[in-house]
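J.: fold the following for me, if possible:
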Amino acid sequence: MVRLLRPLTRGTTYTRFIHLWVPMLVSSVWIFIQPATPWAPALVLPLLGLIPAVRRGEGVQARFMLMRDEQDPAISVVPSATWRDRLRTVLWLEIRMVLGWAAAGASVWLPLITVDLIRISTGYVPDDNPFLPVPHAHWAYALLAPLTLIAFYGVFIGLGELITVVARRLLGPSAAERVAALEERTEQLLERTRIARELHDSIGHALTVAVVQAGAARAAGDPEFTDRALLAIEDTGRAALEDLERVLGVLRESRRPASGRPTLVEADRLLESARTSGAKIDAELTGPVDTVPGPVSREGYRILQECLTNVLRHAGPVPARVRVAVGERTLSLEVRNPLTDEIPRPGPGGGVRGSGLRGIRERAALLGGRASTGPDDGDWQVHVELPLH
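T.: A predicted model of the protein is given here:
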């Protein structure tokens, strides 16, 4: 019993019934103007349904009154883009009008029948109720009054559920809108993945440099070396803070473009940071680095940053060779360092330890390139090739 009465405690039950009554406002006004043709407003609905903006208005109403959720994706709130959408809107308006008439009739006549049944049981026989022709009064008619109330309750709940189901079918997103929503969701996921890589590469590099520099300064015991180490930590930390602020800006404003990311033109900053951390970097940049397309140059910078971070993290201040070559069609990037016992392999389940190498391969794959990592002739090698076009 409690389960059957539970819909009465929900706000959507009442807003759905109000939604059914909205078309009756226009019909009621028309009946006063032209009572002989109460069906005339239904003839205007096809013309209204062909207006693209009408679908948006109906969608907003349905979301707010039928779903009580302004963000429910089951109902579209964009104008009609195709004739199919327009025809679906026309059909929706007609069905809404018919169900509105049913709701209005039920909400008026069923309560009146209930009252009349009670009056008949007390000896009064009404003559103005076309739905209740009774020959004479009798107390047994009072037993029928609860049945009409139950019927009114069923209509009250059932029509609300029915109009909601129809709204999902006729006002729901079209195939093109679902594809657009899926593409937008994919873009959001790609952006989140890119932000995660950005934070890993930038913050991870800064922390690695800080740890290596602090350990080297403590072990050296040389005030001059300590000053240089603190300066390197300060520079690296400032750059990481700039990257962090930019990424947080993107998170705060989802529509703001991610601009200002570093490119290979600024590779000297990375190399100098690694050198001040004790690594001996033999770098060679050939070709017009400044002409590399923006996306390739930005991802190349992050790949180089992750490679140098791995050198400092897993091999320490060892000699490393960096080769960046810009050709006619590809950008080639190679970083080699002496192989140590600690090889950066992914942990169980692809843990954090392997996320840097995985990120390098993901960046290369997204640009249509390829990346190879692993031991080679006694060295640990990272070789990446990215297409320029």
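J.: so what's the gap between stretch 323-337 and the chain middle?
T.: 37 Å (C-alpha atoms, centre = their mean, to the nearest Å).
J.: which positions in that stretch come out as buried?
T.: By 16 or more other C-beta atoms under 10 Å, the buried positions in stretch 323-337 come out as 324, 326, 330, 331, 332, 333, 334, 335, 336, 337. In this view, the C-beta of every residue, glycine as well, is placed from N, C-alpha and C.
J.: and which of those is nearest residue 379?
T.: residue 336 (4.4 Å; C-beta to C-beta).
J.: give me the contact list for the host helix or strand of that closest one.
T.: Assigned by DSSP states H and E, residue 336 belongs to strand 330-338. Residues from elsewhere that reach strand 330-338, judged by C-beta atoms under 8 Å, 6 or more residues apart in numbering: 292, 296, 300, 303-304, 307-308, 311, 315, 318-325, 369, 376, 378-388.
J.: partners of it in the sheet?
T.: Here strand 330-338 has these sheet partners by DSSP bridges: strand 319-326 (antiparallel), strand 379-387 (antiparallel).
J.: contacts made by the longest one with the rest, please.
T.: Okay, so that is strand 379-387. For strand 379-387, contacts defined as C-beta under 8 Å, 6+ apart pick out 296, 299-300, 303, 307, 310, 314-315, 329-340, 343-344, 357, 360, 364, 367-375.
J.: quick one, which of those residues are buried?
T.: 296, 299-300, 303, 307, 310, 314-315, 330-337, 339, 344, 357, 360, 364, 367, 369, 371, 373.
J.: so for residue 327, what's the pLDDT?
T.: Residue 327 is assigned 90 on the pLDDT scale.
J.: what ranges do the helices span in the chain?
T.: 2-5, 11-33, 41-49, 52-61, 83-121, 145-170, 175-220, 223-252, 267-276, 294-310, 355-366 (DSSP state H).
J.: report the angle between the third one and helix 52-61.
T.: Orientation note: helix 41-49 sits at an angle of 100 degrees relative to helix 52-61 (axes from the mean of the first three to the mean of the last three C-alpha atoms, to 10 degrees).
J.: in helix 41-49, what's buried?
T.: 41, 45, 49.
J.: hmm, which of the residues you listed is lowest in pLDDT?
T.: For the buried residues of helix 41-49, the pLDDT minimum is residue 41, 76.
J.: does that residue touch residue 24 like I think?
T.: No. Look at residue 41 against residue 24 with C-beta atoms under 8 Å: they stay out of range, at 9.8 Å.
J.: return the distance of the closest residue to residue 74 other than its chain neighbours relative to residue 302.
T.: The spatially closest residue to residue 74, leaving aside those adjacent along the chain, is residue 168, at 5.1 Å (C-beta to C-beta, 6 or more residues apart in numbering). Relative to residue 302, residue 168 is positioned 44 Å away (C-beta to C-beta, to the nearest Å).
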